[in-house]
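build me a model from this:
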Amino acid sequence: MEEFRTDWSREELKAYILLYCANANFVETKEEKDFILSKVGEEKYQKIHKEFDDDNDYQQIQKIQHTVQRFEYSKDEIDRLFNNIKKMFLADGSIDIMEKNIYRGLKHLLK
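Numbering: from 1, shown residues only. I've put the predicted structure just below:
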């Protein structure tokens with residue numbers, strides 16, 4: 001079985017999760033990109049975006065799950081993460097059904 005270990009920092013994990021969410025409806029809007037950039041900066045965004053683009057959906061979920069476990073996020077950290085996810089979804093003005101489903105799925109997976 002393939003391992004899904006990463007050597008990401010917490011900021012890189014945040015970038016990856018936000019990219020995953022931004023691509024929930026297969027369209028990363030300028031507003032979503034700008035939001036992610038405001039949270040992690042251009043360098044981390046570019047580095048993580050390349051890796052994200054190379055991963056399939058299964059690899060993306062596995063990397064997120066394993067890295068969150070590695071960092072042993074507290075309840076407060078998970079809550080802050082989901083607050084950022086919600087803000088990112090709202091960056092383009094609305095949350096569509098695919099974004100809602102990703103949000104629910106991540107809540108189930110990470111809480």
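
how close does the residue positioned nearest the centre of the chain get to residue 59?
Centroid-nearest residue in the chain: residue 17, 1.0 Å away (criterion: Cα atoms, centre = their mean). Plainly put, residue 17 is 14 Å away from residue 59 if you go by Cβ to Cβ, to the nearest Å. Just so you know, the C-beta spots here come from the backbone N, C-alpha and C atoms, and that holds for glycine as well.

with residue 38 instead?
From residue 38 to residue 59 the distance is 26 Å (Cβ to Cβ).

returning to that earlier point: which one is the residue nearest to the centre of the chain nearest to, not counting chain neighbours?
Excluding the flanking residues, the one nearest residue 17 by Cβ to Cβ, 6 or more residues apart in numbering is residue 64, at 5.8 Å.

repeat that for residue 95.
Closest to residue 95 by Cβ to Cβ, 6+ apart is residue 89, at 4.6 Å.

just residue 29 next, same as before
residue 92 (4.4 Å).

the one you found in helix, strand or coil?
Here residue 92 is recorded as coil under DSSP: H, G, I helix; E, B strand; the rest coil.

cool, the one 3 residues further on as well?
Recorded secondary structure, residue 95: coil (three-state DSSP).

what's the local residue count around it?
16 (other Cβ atoms under 10 Å).

what of the one 3 residues further on?
Residue 98 is flanked by 13 other residues according to other Cβ under 10 Å.

next one: residue 55
Neighbours around residue 55, by other Cβ under 10 Å: 15.

ok, now residue 83?
Neighbour tally, residue 83, other Cβ under 10 Å: 10.

touching, the residue nearest to the centre of the chain and residue 82? I think so.
No: Residue 17 is beyond contact range of residue 82, at 9.7 Å (criterion: Cβ atoms under 8 Å).

per-residue confidence for residue 109?
Per-residue pLDDT puts residue 109 at 88.

low-confidence ranges, the protein, go.
For the chain, the stretches with pLDDT under 70 are 1-2.

correct me if wrong: the residue nearest to residue 29 contacts residue 31.
Yes: if you go by Cβ under 8 Å, residue 92 and residue 31 touch, sitting 4.4 Å apart.
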